[in-house]
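**Q** Structure for the following, please:
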Amino acid sequence: MPFHFFREDVVRRVCLYLLPLFIFLNSIVAFPQMQRGSPEERANRYLESVRNQPGLALAFLRDMPKGGDLHNHLGGAIYAEDLIDYAAQDKLCFDRSTSSAVAGECDSACAANAARPAAECSYHDPNLYNSIIDAWSMRNWERGHESGHDHFFATFSRFSLASRNHVGEEIARALQRAAADHLQYLELMHTIGGSQSAELGSKIGWDPDFASMREKLLAGGLRDAVAAARKELDQDDQIVRKINSCDTPSALPACGVHVRYLYQVLRGLAPEQVFAQILTGFELASADSRVVGLNLVMPEDWYVPMRDFNLHMRMLDYLHGIYPKVHISLHAGELAMGLVPPEGLSFHIRHSIEQGHAQRIGHGVAVMNEHNAIDLLHEMAQRNILVEICLTSNDVILGVKGNDHPLSVYRKFKVPVALATDDEGVSRSDMTHEYLRAFESYRLSYLDLKKMARQSLEHSFLPGASLWSDIDHARLVTACPSKQETASTESRSCERLLNESEKARVQWKLEREFTAFEKQF
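**A** Below you'll find the predicted structure:
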C-alpha cells in the first residue's frame, strides 16, 4: 500500500475515534454557557430557542405570569358555548331570521326547519349549535365575505338577552379564564346597574349647562341608581364566590385573581343619557372601591360617537374637575383609513388625553393619522399614558395587523404598552394567544413581554403606591430591595408598603410568580 494511502487512512481513523471525544468536550464547554446567567436570562434564551416552534412557544407563554388585563369587556368576554347554556336555562328561543336569542313561544318541535327553535334544541342538533356559535362570535368568519367590523359588533345584540340574567356567572367565568392564563389582575368593563341611569337621563332631559344637569340628576334619583348598582355588585360577588368555591378548601384558582371594574358608558346614546351614565361612573367610583374608574364604549366610528365626540370630552372635562380622583381610560383611535373620513382620524387620541383626561388609551390604532403624530407620541411618553394593545381585535375588526399596527411605533417612542384581550369570547382568543401573536408578529423577547406584564399592573387603577421606583429598568422601591425575598424575610418597610398598597401587593404577587416560573429554566 502506498504510504500516502496509509497516511490518509490513519488520519481518517484517528478523526473517527476522536470525533465523539470532541463532541463530548464541546458539550461540557457549551453546557455551562447554556446554563449561565440569571433564571430570567435563561428563560429569555429558551423562548428565543423555540421561536420557530409555535407549539413550544405557546406552552411557554401559557405558563408565563402576565400581570393584568386592563381592556376586557365583560359582555364580550364570554364564549358562545356558555351563552347557549344561559339561553337554554332561561328557556329562550333562537330566531333564525336574526340569529338572535329571543323570548316568547318557541317552535314546539326541534325540527331542522323550525324558525324559532328552543335554544336547548341546539344540544341535539350540531348544525344549529354551530350556527349559533358562528353568529355569536367571530368563529368561521371569512375575510372578504362580510365586514369583520360589522359581524363583530352585530354579535352583541344577538346574544344580549341570553347574557342579561347571568352577570355573576359571567364574572366567574372571566376569572376562571384569567386564572388559566396566569393573570393576577382583571379590570372588567361593565355597565353596572344596566340602563337605570340612562333611563333617568331620558326622564330628566337634556340641559347643556353641565352643572345644572348634574344637580337635576342627583336630585332626581341618580344616587338611588348608584346604590342599586352597588347592591347588584354585592349579589354578583356572592354568585362568583359560590361558583368558584372561594370560601372552601377546594377554591378554584380563579379566586386568586384580583378583580376590579370600570364603569362602562354607552357613548352611542343620546347626550342626556351619556351624561347620566358618565356621572354615574364618577359617583360609583367615588363610593365603591370595587369600581376603579370609567370608560366610554361602543364603536367609535358610529354616527353618534363621531358627532358627539367633542361633547363627550367636554362632559368628562367638567366632571373630572368635580371628581379629580376618579380614573379614566378611553377608547380612542379604534379606527382605520376608510372607516371614517380622514378628518375623523386626526384628533381622537389627543383630545381624549388633553380634554378627556384619559390616563390610558384603549386601542390607539389610528395614532399615526393624528395631527402632529410624532409630537403626540412624545407627549404620551412624557405623560406616561399607557396604550391598551388589542392585537386580535384590531385585526378582525379593523383589518390592521403586522407592520400596519402601531405597536412597534409606540415602543420606539417609549410609550408604555400592555397587551389586552378586548372581547376574548367574541374574538375566540385569550391572553396567552395575544402574547403569542405579539411574540410572533413583532419578534418580541421574553424580556419585552415581561415588561408589558409589569406595565399592566403599574398602570392599573388599583390604589396605593407602586412597587417600582423605575419600572423601565426594573428597579424596586428602596423599601423592597429584593423581589427574591420570601414573605417571611421581607423587610419591615416592605411589609408596611404591601399592607398599605393594594397595587404593590398585586405587583409583589406577580414578581413572586415570575421567580417561580423562571426557576424552570
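
**Q** just checking, L161 touches D95?
**A** No. Taking contacts as CB atoms under 8 Å, L161 lies outside contact range of D95: 10.2 Å. The C-beta positions use only the backbone N, C-alpha and C, and glycine is treated the same way.

**Q** Give the residues shared as contacts by the two.
**A** Residues touching both L161 and D95 (CB atoms under 8 Å, 6 or more residues apart in numbering): A101, V102.

**Q** contacting residues around Q196?
**A** A225, A228, A229.

**Q** Nearest to Q359 among those?
**A** A229 (22.5 Å; CB to CB).

**Q** Wait, a helix at the closest one?
**A** Yes. Under DSSP: H, G, I helix; E, B strand; the rest coil, A229 falls within a helix.

**Q** Could you tell me how many residues sit around it?
**A** 26 (other CB atoms under 10 Å).

**Q** How about the contacts made by it?
**A** I192, G193, Q196, T280, L284.

**Q** ok, the residue lying closest to it once chain neighbours are set aside - contacts?
**A** Nearest non-adjacent residue to A229, counting by CB to CB, 6 or more residues apart in numbering: G193, 3.5 Å away. Residues counted as contacts of G193 (CB under 8 Å, 6+ apart) are A225, V226, A228, A229, E232, T280.

**Q** and the residues you listed, which are buried?
**A** Among the contacts of G193, those scoring as buried are A225, V226, A228, A229, E232, T280 (criterion: 16 or more other CB atoms under 10 Å).

**Q** what secondary structure does the nearest residue to the third one once chain neighbours are set aside sit in?
**A** When the adjacent residues along the chain are set aside, A228 lies closest to G193, with 5.6 Å between them (CB to CB, 6+ apart). What three-state DSSP gives for G193 is coil.

**Q** didn't A479 look like it was pressed against S491?
**A** Yes. The pair A479 / S491 is scored as a contact, 6.9 Å apart, by CB under 8 Å.

**Q** Between the two, point out the one with more neighbours.
**A** Ranked by neighbour count (other CB under 10 Å), A479 and S491 place A479 first, with 18 against 14.

**Q** I'd like to know how far the spatially closest residue to the more buried one that is not a sequence neighbour sits from P299.
**A** Closest residue to A479 in three dimensions, ignoring its sequence neighbours and counting by CB to CB, 6+ apart: S493, at 3.9 Å. According to CB to CB, to the nearest Å, S493 stands 48 Å off from P299.

**Q** And the two? Which one has more around it.
**A** P299 (20 against 13).

**Q** quick one: that one and L335 touch, right?
**A** No. Look at P299 against L335 with CB under 8 Å: they stay out of range, at 9.4 Å.

**Q** List the contacts of the residue nearest to R51 when sequence neighbours are not counted.
**A** Of all residues not flanking R51 in the chain, A57 sits nearest, at 6.8 Å (CB to CB, 6+ apart). A57 is in contact with L47, V50, R51, L436, F439, E440, counting by CB under 8 Å, 6+ apart.

**Q** Is it correct that the first one is in contact with D448?
**A** Spelled out, it's L47. No. Between L47 and D448 there is no contact under CB under 8 Å: 10.2 Å.

**Q** neighbour-wise, which of the two wins?
**A** L47 (21 against 15).

**Q** show me what contacts the more buried one?
**A** Contacts of L47 (CB under 8 Å, 6+ apart): A57, F60, L61, F439, S445, Y446.

**Q** how far away is it from E518?
**A** Taken as CB to CB, the span from L47 to E518 is 11 Å.

**Q** again, but for A179
**A** 20 Å.

**Q** Equivalent analysis for F210, please.
**A** 51 Å.

**Q** Check P253 too.
**A** 20 Å.

**Q** before we move on, what about D85?
**A** D85 is 38 Å from E518, by CB to CB.

**Q** the more surrounded of these two?
**A** E518 (20 against 16).

**Q** which ones are touching the more buried one?
**A** By CB under 8 Å, 6+ apart, the neighbours of E518 are S38, P39, E40, R42, A43.

**Q** Check the fourth one and give its pLDDT.
**A** This points to R42. Listed pLDDT for R42 reads 97.

**Q** any idea what sits nearest A179, other than its immediate chain neighbours?
**A** P253 (3.9 Å).

**Q** And what about the closest residue to E388 other than its chain neighbours, helix, strand or coil?
**A** Spatial nearest neighbour of E388, excluding adjacent residues (CB to CB, 6+ apart): H71 at 3.8 Å. The three-state assignment at H71 reads strand, by three-state DSSP.

**Q** My read is that H71 contacts A420, right?
**A** Yes. Using CB under 8 Å, H71 makes contact with A420 at a distance of 3.5 Å.

**Q** between the two, what contacts are shared?
**A** If you check H71 and A420 against CB under 8 Å, 6+ apart, the residues they both contact are G362, E388, C390.

**Q** Tell me where the stretch 151-300 of the chain has helices.
**A** 167-180, 196-204, 210-217, 223-243, 271-287 (DSSP state H, counting those that start in this stretch).

**Q** before we move on, back to that, the residue nearest to A179: how many residues sit nearby?
**A** The burial count for P253: 13, using other CB under 10 Å.

**Q** contacting residues for it?
**A** Per CB under 8 Å, 6+ apart, neighbours of P253: Q176, A179, A180.

**Q** Quick check: ChimeraX command selecting the buried ones in those residues.
**A** For the buried members of the contacts of P253, the matching ChimeraX selection, counting by 16+ other CB under 10 Å, is:
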select :176,179
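
**Q** Just send the contacts of P253 back as TSV, with distance to L498 and pLDDT too.
**A** TSV is the format used below for the contacts of P253 (distance: CB to CB, whole Å; pLDDT from 0 to 100):
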residue	distance to L498	pLDDT
Q176	26	98
A179	22	98
A180	26	98
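
**Q** Pick the one among the contacts of P253 closest to D237.
**A** Out of the contacts of P253, the member with the shortest distance to D237 (by CB to CB) is Q176, at 15.3 Å.

**Q** so the closest one sits right up against A251, yeah?
**A** No. Using CB under 8 Å, Q176 is not in contact with A251, being 11.8 Å away.

**Q** got any residues that touch both of those two?
**A** What both Q176 and A251 touch, as defined by CB under 8 Å, 6+ apart, is the set N244.

**Q** For the most centrally placed residue in the chain, give me its contacts.
**A** Nearest to the mean C-alpha position of the chain, by CA atoms, centre = their mean, lies A420 at 3.0 Å. A420 makes contact with D69, L70, H71, N72, G362, E388, I389, C390, M431, E434, S456, according to CB under 8 Å, 6+ apart.

**Q** With G399 instead?
**A** R143, G148, A336.

**Q** Equivalent analysis for A474, please.
**A** R454, W468.

**Q** got the residue ranges for the strands in this protein?
**A** Using DSSP state E, the strands found in the chain span residues 68-73, 93-95, 100-102, 185-190, 258-266, 291-297, 327-332, 360-363, 386-389, 417-419, 468-470, 475-476.

**Q** Would you mind giving those strands as CSV with distance to S408 and mean pLDDT added?
**A** Output for the strands of the chain, formatted as CSV (distance: least, CB to CB, whole Å; pLDDT from 0 to 100):
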stretch, distance to S408, mean pLDDT
strand 68-73, 19, 98
strand 93-95, 43, 97
strand 100-102, 40, 98
strand 185-190, 25, 98
strand 258-266, 27, 98
strand 291-297, 25, 98
strand 327-332, 19, 98
strand 360-363, 15, 98
strand 386-389, 11, 98
strand 417-419, 10, 98
strand 468-470, 23, 95
strand 475-476, 25, 94
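
**Q** Go through those strands and name the closest to W206.
**A** Nearest of these (CB to CB): strand 258-266, 15.8 Å.
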